[in-house]
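Visitor: Only the shape, not the letters, is given here:
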């Protein structure tokens, strides 16, 4: 049965990919026995029978287990409302934020987290029937409030590219010896010893977003970083 | 009845602007023109020029509008006060604009996977910056390209084109003169990959044969415009590559 695409082909919404006897993953839907793309994407042909479509544009769709970076948008009676770049609001309850029980009558929640604070959180539940459909927790290691540093916002569909195949890109980025936290919602937090490194790293991440669909990107980024490091060494 | 046009609409097989009846005006498409928006496009059909901006999917406000099983889409078609030729258009939304907004929303909805985003809202803004006929067709194309640029899941793009009857001849992509003095007007929205029609309006009186011929011409014109739209989407990505390498 036919395959309608070639490797690295750009597909548009509605373009046929292959018949349903292929295994097609990514942003695709089935129409009349054929897989069609539902957004702008690049085709990856894995082998004889499997095809993957990599989206070039997309919005963040929250999933349980995702690590996200959010802003506190409101302080409520027993928790906080967060913006995690999803179409729904997220909720962090006091229970999921503090290790020891606290007395809600005497403790002002704003002393723990206030509006505008940035947190790394993990999504624990999604239920669209609730007022705040997304529930998050910060009660795990590597989660919690973020201080200082720089936040870079990129398109959520480019996040896998910033991480790279088996973490190859993130490995290259960590040559700068900075703290890098990648949220699945496309927010990336970077914190370096030197503020100039932060600005440089932010520009590199934006470049990865812009050139995500090109080949040999990891090597080019590695080259840029090595050049930057050697120039910085001379100063 | 209607007055005579200031210039003849059709002389031989040439229209008032020098086109043949089955010829569309020069089409221009550019993606990502409104950087604040999640997706945007500007589309020109000759002198008709429409800017589209898409925001969302986001939380639906006011809350009571939200639907439990799918997103709602809000479309605002608006003509800028400076878009028309003779008199300044009143910027307040007119009866006509409110109606076109609804018609365009209904033409876009079948192409978008609204069920992927329950309780959310997708905002589509369409601003006609220069009007010279076929504004709703150009708006439809612009809106659908802006939705694709925003990465909203779509079954297919929707491309709009108008077909009309001038002096008994079927002509595609009417300009405002032909729209005003022609005998019939058929704006049509087509999903080119799937071949489905999502917008079909008609005025004037048409015979069955002429209507069939008009729809056939519309499909052909849509194919042409779709090719240009695809190139524009591609350009947004592959210019960045050339800069890089």
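Guide: Perfect, I can see it now. Not measured: the values here are computed from a predicted model.

Visitor: can you tell me if the top helix by length along chain A touches chain B.
Guide: As assigned by DSSP state H, the longest helix anywhere in chain A is helix A:217-234. Yes. Residues of helix A:217-234 contacting chain B under CB under 8 Å from any CB of the partner chain: residue A:220. (C-beta placed from N, C-alpha, C; glycine too.)

Visitor: buried ones in that helix?
Guide: A:217, A:218, A:220, A:221, A:222, A:225, A:228 (16 or more other CB atoms under 10 Å in any protein chain shown).

Visitor: any idea how far the last one lies from residue B:188?
Guide: Distance of residue A:228 to residue B:188, computed by CB to CB, to the nearest Å: 55 Å.

Visitor: Repeat that for the first one.
Guide: Residue A:217 sits 42 Å away from residue B:188, going by CB to CB.

Visitor: same deal with the fourth one?
Guide: The gap separating residue A:221 from residue B:188 is 47 Å, by CB to CB.

Visitor: Those residues of chain B touching chain A, which are they?
Guide: B:38-39, B:56-59, B:68, B:71, B:111, B:113, B:116-121, B:148-157, B:191-194, B:230, B:233-234, B:237, B:240-241, B:244-245.

Visitor: What subset of these is buried?
Guide: Of those, these count as buried by 16+ other CB under 10 Å: B:38-39, B:56-59, B:71, B:111, B:113, B:116-121, B:148-157, B:191-194, B:230, B:233, B:237, B:240.

Visitor: Secondary structure element holding residue B:34?
Guide: Following DSSP states H and E, there is no helix or strand that holds residue B:34.

Visitor: Contacts only, for it.
Guide: Each residue near residue B:34 by CB atoms under 8 Å, 6 or more residues apart in numbering or on different chains is listed here: B:40, B:51, B:53.

Visitor: and if you look at residue B:235?
Guide: So residue B:235 contacts residue B:31 (CB under 8 Å, 6+ apart).

Visitor: where does chain B have low pLDDT?
Guide: Applying pLDDT under 70 to chain B flags residues B:1-2, B:239-245.

Visitor: swap that for chain A, please
Guide: Residues of chain A that meet the criterion pLDDT under 70 lie in A:234-235.

Visitor: For residue 142, give me its contacts.
Guide: Using chain A. A:120, A:181.

Visitor: Not quite, go with chain B.
Guide: Applying CB under 8 Å, 6+ apart, the residues near residue B:142 are B:41, B:42, B:43, B:50, B:51, B:52, B:126.

Visitor: Tell me which of these fall in strands.
Guide: B:41, B:42, B:43, B:50, B:51, B:52, B:126 (DSSP state E).

Visitor: Domain-wise, how is chain A divided?
Guide: Listed domain ranges for chain A are A:10-55, A:67-146, A:150-234 (source: automatic domain parsing).

Visitor: so which of these gets nearest residue A:3?
Guide: Smallest distance to residue A:3 across the domains of chain A (CB to CB): 4.4 Å, for domain A:10-55.

Visitor: ok so residue A:175 is a helix residue?
Guide: Yes. Counting by DSSP: H, G, I helix; E, B strand; the rest coil, residue A:175 is part of a helix.

Visitor: Not counting its neighbours along the chain, what's nearest it?
Guide: residue A:225 (5.5 Å; CB to CB, 6 or more residues apart in numbering or on different chains).

Visitor: And for residue B:6?
Guide: Setting aside the residues directly before and after it, residue B:6 is nearest to residue B:177 in space (CB to CB, 6+ apart), at 7.7 Å.

Visitor: Just the element for the one you found, please.
Guide: Assigned by DSSP H and E, residue B:177 falls in helix B:176-181.

Visitor: hmm, who's touching that helix?
Guide: B:2-7, B:9, B:15-16, B:85, B:131-134, B:162, B:164, B:166, B:171, B:185.

Visitor: switch to 10 Å and redo it
Guide: The contact list for helix B:176-181, computed with CB atoms under 10 Å, 6 or more residues apart in numbering or on different chains, reads B:2-10, B:15-17, B:19, B:46-48, B:84-85, B:131-135, B:162, B:164-167, B:171, B:174, B:185, B:187.

Visitor: Next secondary structure element downstream of that helix?
Guide: Criterion used, DSSP H and E; the element after helix B:176-181 is strand B:184-191.

Visitor: so what secondary structure elements neighbour that next one?
Guide: Contacts defined by 3 or more CB pairs under 10 Å, 6 or more residues apart in numbering or on different chains; DSSP states H and E place strand B:184-191 against helix B:95-108, helix B:135-149, strand B:159-166, strand B:169-172, helix B:176-181, strand B:196-200, helix B:208-244.

Visitor: Of all the ones you listed, which one is nearest residue A:211?
Guide: So among the helices and strands packed on strand B:184-191, helix B:208-244 is nearest, using CB to CB, at 4.9 Å.

Visitor: residues of stretch A:154-163 that come out buried?
Guide: A:154, A:155, A:156, A:157, A:158, A:159, A:161, A:162, A:163.

Visitor: In helices, which of the residues you listed appear?
Guide: Among the buried residues of stretch A:154-163, the ones falling in helices (DSSP H) are A:159, A:161, A:162, A:163.

Visitor: The domains of chain A into TSV, with extra columns for distance to residue B:33?
Guide: Listed next are these as TSV, based on distance: least, CB to CB, whole Å:
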stretch	distance to residue B:33
domain A:10-55	17
domain A:67-146	23
domain A:150-234	17
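
Visitor: now, of these, which is deepest in the fold?
Guide: Comparing those by mean neighbour count (mean count of other CB atoms under 10 Å in any protein chain shown), domain A:10-55 comes out on top with a mean of 19.

Visitor: Let me see the contact set for residue B:122.
Guide: Residue B:122 touches A:59, A:87, B:38-39, B:54-58, B:60, B:71-75, B:108-109, B:112, B:114, B:147, B:150, B:152, counting by CB under 10 Å, 6+ apart.

Visitor: Tell me which of the residues you listed fall in strands.
Guide: Going by DSSP E, the strands hold B:39, B:54, B:55, B:56, B:57, B:58, B:72, B:73, B:74, B:75 from these.

Visitor: And the furthest pair within those residues?
Guide: B:39 and B:72 (17.3 Å).

Visitor: What is the burial count for the residue lying closest to residue A:157 once chain neighbours are set aside?
Guide: Nearest residue to residue A:157 in three dimensions, chain neighbours excluded: residue A:58, at 3.8 Å (CB to CB, 6+ apart). The tally of other residues near residue A:58 (other CB atoms under 10 Å in any protein chain shown) stands at 20.

Visitor: Run me through the strand neighbours of the helix or strand residue A:122 falls within, direction for each.
Guide: Using DSSP H and E, residue A:122 sits within strand A:118-126. Paired with strand A:118-126 in the same sheet, following DSSP bridges, are strand A:67-75 (antiparallel), strand A:134-137 (antiparallel), strand A:144-146 (antiparallel).
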